[in-house]
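# Okay, sequence plus prediction incoming.
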Amino acid sequence: MIDKIVQTMADAMAGIEDGATVLLAGFGSVGQPNQLIDGLIEQGAKDLTVAANNAGSGHVGLARLIELGRVRKIVCSFPRSSDPVAFETAYRAGTIELEIVPQGTIAERIRAAGAGVPQFFTATGVGTKMAVGKEHREIDGRMYIREDALYGDVGLVEAWEADRWGNLTYKLAGRNFNPIVAMASKLTIVQTQHVRPLGDIHPDHVHTPGIFVNRVLHIPYGDPGSF
């Protein structure tokens, strides 16, 4: 019987190794798997490469992971979002590496990894510092740069509802990066607001099929209402 529901945070985080590349879904705090980030902090993996929309804020979540010195490199679009004190402190101290990637490009790099596309060409970044050292190619009279797919050893995902097969539904803007992070990661770990009996999620509402999901942890919070 397929059952991807795990009972504890320790079970969800088991086996994440030092040096892993972690893809973190969410746009700011929307659709971000905050409890799983806290679980990763407790789990203890270090020397991580984290790809996310931003570099965290304040002293919680991703910012706390950075503050603890556990992130070797951050790949993101907005390193200086609201209250980026943890990232700025680490960056000025030279303890974290930064790779800035335009938001559309980072989304496509993750999507490409999930789709099995190792590289692609984009005009975004041509003529800027982000193009330095990258392959340039002229196509139909326009210059493009090559970008590589961004694979995750681990993907942390937040869902609205899930079943024991790992089929997922996201709520409204909470979908954002979650589907592509699930597809692009070797080990996809999900926190879900609701667990539904198998068959209760209509096929048209399955945004991520369970084939892309390894572990699901039920973490209810906020409004318990229906989708």
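Right, received. Where do you want to start?

# ok, residue 195 to residue 92 distance?
43 Å (CB to CB, to the nearest Å). Where you see a C-beta, it was placed from the backbone N, CA and C, and this is true even at glycine.

# For those two, indicate the residue with more neighbours.
In this view residue 195 and residue 92 are compared by other CB atoms under 10 Å, and residue 195 has more residues nearby, 16 against 9.

# residues contacting residue 59?
67, 85-86 (CB atoms under 8 Å, 6 or more residues apart in numbering).

# Whichever of these end up buried, select them in ChimeraX.
Buried residues within the contacts of residue 59, by 16 or more other CB atoms under 10 Å, are selected in ChimeraX with:
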select :67,86
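
# Kindly reformat the contacts of residue 59 as TSV containing distance to residue 122, pLDDT and secondary structure.
Formatted as TSV, the contacts of residue 59 follow (distance: CB to CB, whole Å; pLDDT from 0 to 100; DSSP: H, G, I helix; E, B strand; the rest coil):
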residue	distance to residue 122	pLDDT	secondary structure
67	33	96	helix
85	32	93	helix
86	30	94	helix
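
# Now distance to residue 121 too, for the contacts of residue 59, in TSV please.
Output for those, formatted as TSV (distance: CB to CB, whole Å):
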residue	distance to residue 121
67	37
85	37
86	35
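
# List the buried residues in stretch 27-44.
27, 31-41, 43.

# For that stretch, output the C-alpha coordinates as PDB.
What follows is stretch 27-44, C-alpha atoms only, in PDB (Å, rounded to 0.1, in the frame of the first residue of the first chain):
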ATOM      1  CA  PHE A  27       7.100  33.800  -2.700                       C
ATOM      2  CA  GLY A  28       8.200  35.600   0.400                       C
ATOM      3  CA  SER A  29       6.000  34.000   3.100                       C
ATOM      4  CA  VAL A  30       3.200  33.000   0.700                       C
ATOM      5  CA  GLY A  31       3.400  29.200   0.000                       C
ATOM      6  CA  GLN A  32       6.600  28.900   1.900                       C
ATOM      7  CA  PRO A  33       7.000  25.700   4.000                       C
ATOM      8  CA  ASN A  34       8.000  27.500   7.200                       C
ATOM      9  CA  GLN A  35       7.600  24.500   9.500                       C
ATOM     10  CA  LEU A  36       9.800  22.400   7.300                       C
ATOM     11  CA  ILE A  37      12.500  25.000   7.300                       C
ATOM     12  CA  ASP A  38      12.400  24.900  11.100                       C
ATOM     13  CA  GLY A  39      12.600  21.100  10.900                       C
ATOM     14  CA  LEU A  40      15.700  21.400   8.700                       C
ATOM     15  CA  ILE A  41      17.300  23.700  11.300                       C
ATOM     16  CA  GLU A  42      16.600  21.000  14.000                       C
ATOM     17  CA  GLN A  43      17.800  18.200  11.700                       C
ATOM     18  CA  GLY A  44      21.300  19.800  11.500                       C
END
